[in-house]
Each structure stands twice: as structure tokens, then as C-alpha cells.
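# let's see this in three dimensions:
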Amino acid sequence: PPIEFAVQQAAASEMERHLLSGDRGAAIKAGIRAGLWGPALLLARHCGDAAFQEVAAAMAKSCCTHGSPMRSLQLSLAGLHSEVHAPPARPSDELPMEGSTGGAGGGGGS
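Residues are numbered from 1 along each chain as shown. Prediction:
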């Protein structure tokens, strides 16, 4: 199910608080947890390639079915070619999870 608007607002506020305190990494992680892929990707893009790749991989794994062309494309465009044919890390990686709030930590730093 899609993430509720109130949950998205709360996560965006959490991201904002982390950014105001200078903690970009925590802001990215909050975005990943809430599935706020746009803000998380934009912020990660300014934190370096590793942070961007981490968020892009979390998004692809959360939103796309394992082995699907879309997931493969997203991982490839993020520069994560080795993950395109990697087996799923856990059974939930095999199914699309719209509105997933899980994911790996974001990279970055201040």
C-alpha cells in the first residue's frame, strides 16, 4: 500500500531536522526508511557516488521485482552492475513492496 501522506510529512520533517543540524547521512537514512526516494536521491547525489548508489540500490530493491528489467535498469544506471544478477539477499527482495519503509542506511555525512 502507498505510504500515507501524514507518514510522508513526518519523515520529511525528520529529514529537515537532520539537515538543519548538519547530519546529511541521518537525513538520507530517514528518507530511505520512509520511501521518500526523490528527496533521498537528490540529497545523496550531493553526498558523493557511494551515497547515491546506496540510495538507488535501496530504491530499486524496494520498488522493483527481483530480476525485472526495471530493477536491472535502475541498478545499472546507479553504477551497480554487479548487483543486477545477484541473488536476492532475503525472500522479501523478490517481491515489489510499494511504499516500503525498509532499506539500507544512506551514506553521506556532513
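
# residues contacting the closest residue to Ala12 other than its chain neighbours?
With C-beta to C-beta, 6 or more residues apart in numbering as the criterion, Ala12 has its nearest non-adjacent residue at 6.5 Å, and that residue is Leu36. Glycine gets a C-beta too; all of them are placed from N, C-alpha and C. Going by C-beta atoms under 8 Å, 6 or more residues apart in numbering, Leu36 touches 8, 11-12, 15, 30.

# ok, Leu36 to Pro87 distance?
Computed as C-beta to C-beta, to the nearest Å, the Leu36 to Pro87 distance reads 28 Å.

# does Cys47 touch Ala26 like I think?
No. Cys47 is beyond contact range of Ala26, at 11.5 Å (criterion: C-beta atoms under 8 Å).

# shared neighbours of these two, anything?
Joint contacts of Cys47 and Ala26 (C-beta under 8 Å, 6+ apart) do not exist.

# low-confidence ranges in this protein?
By pLDDT under 70, the low-scoring segments of the chain are 1-3, 90-110.

# what segments of it are helices?
Assigned by DSSP state H, the helices in the chain fall at 5-20, 24-34, 37-45, 49-63, 69-77, 81-84.

# any chance of those helices in TSV, plus mean neighbour count?
TSV is the format used below for the helices of the chain (neighbours: other C-beta atoms under 10 Å):
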stretch	mean neighbour count
helix 5-20	14
helix 24-34	24
helix 37-45	19
helix 49-63	21
helix 69-77	16
helix 81-84	13
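
# mind checking how far the residue in the chain sticking out farthest from the centre is from Arg33?
Distance from the C-alpha centroid of the chain peaks at Ser21, with 21.3 Å (C-alpha atoms, centre = their mean). For Ser21, the distance to Arg33 (C-beta to C-beta) stands at 17 Å.

# also His18?
12 Å.

# what does Gln8 give?
From Gln8 across to Arg33, the span is 11 Å (C-beta to C-beta).

# now do Arg24
Distance, Arg24 to Arg33, using C-beta to C-beta: 15 Å.
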